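1. Prediction below, plus the sequence it came from.
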Amino acid sequence: AQSVTQPDIHITVSEGASLELRCNYSYGATPYLFWYVQSPGQGLQLLLKYFSGDTLVQGIKGFEAEFKRSQSSFNLRKPSVHWSDAAEYFCAVGALMDTGRRALTFGSGTRLQVQP
Amino acid sequence: KAGVTQTPRYLIKTRGQQVTLSCSPISGHRSVSWYQQTPGQGLQFLFEYFSETQRNKGNFPGRFSGRQFSNSRSEMNVSTLELGDSALYLCASSLMGGLTDTQYFGPGTRLTVL
């Protein structure tokens, strides 16, 4: 069965520090991979996605992620965190459903807190 | 361009009742997907509609149903509500559906079942 694991439930970083959020997936075929962010009281916003090609993907708000097939990972990074980045981050894989079509299967999320 | 809108934003119902939630997609978007978000189960895919047809479905009981209208607006219905149906229900729209299109999420409807 397809699954996504985000091992860190909660991370706290200082403003200006670098950030790496971990994501591991379990999926037999070539995965479609996504990172979303959810601010309090808001829906989800797509940060970046990977389907194929270059394994380093650039997204919005200065985020990037690297697909590593050998490690089944798709970690999200940002070189310098801003206070406005405090939110919950979700990794997702586009998994095949019984219908033969893909749908998003999400990890449990990582809550990011930014200290001034 | 207006974003995805969901109404109502908050709902309180009692066990056994039914509820209907509404989602208006971004203008021009023909696909609407629904998700349930709970603290225990996280974010789970419910179903996707495209051109008034259900095109994809997650693993939820038949009490959860949906439909899409000719203007792409979508509704989801939950019958015989259970306490475990308390959740944030999110809808997302995209141009043509599938996952290669970017999905734009609404703010959600928070349903509380007492």
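-> Received, thanks.
2. Pull the number of nearby residues for B:Arg15.
-> 11 (other Cβ atoms under 10 Å in any protein chain shown). The way it works is simple: take the backbone N, C-alpha and C, and place the C-beta from them, glycine included.
3. Residues contacting stretch A:50-58, please?
-> For stretch A:50-58, contacts defined as Cβ atoms under 8 Å, 6 or more residues apart in numbering or on different chains pick out A:30-34, A:48-49, A:64-69, A:74, B:100.
4. Please apply the same query to stretch A:17-30.
-> Residues from elsewhere that reach stretch A:17-30, judged by Cβ under 8 Å, 6+ apart: A:1-8, A:11, A:13, A:31, A:33, A:35, A:52, A:71-81, A:85, A:89, A:91, A:93, A:95-96, A:107, A:110, A:112.
5. was I right about A:Ala87 contacting A:Leu112?
-> Yes - using Cβ atoms under 8 Å, A:Ala87 is in contact with A:Leu112, at 6.1 Å.
6. before we move on, the earlier item: farthest pair in the contacts of stretch A:50-58?
-> A:Lys68 and B:Thr100 (21.9 Å; Cβ to Cβ).
7. any idea which residue sits dead centre in chain B?
-> Centroid-nearest residue in chain B: B:Trp34, 3.2 Å away (criterion: Cα atoms, centre = their mean).
8. Ignoring the adjacent residues along the chain, who's closest to that one?
-> Leaving aside its sequence neighbours, B:Trp34 sits nearest to B:Leu46 (Cβ to Cβ, 6 or more residues apart in numbering or on different chains; 4.1 Å).
9. check which helix or strand covers that neighbour.
-> Using DSSP states H and E, B:Leu46 falls within strand B:42-50.
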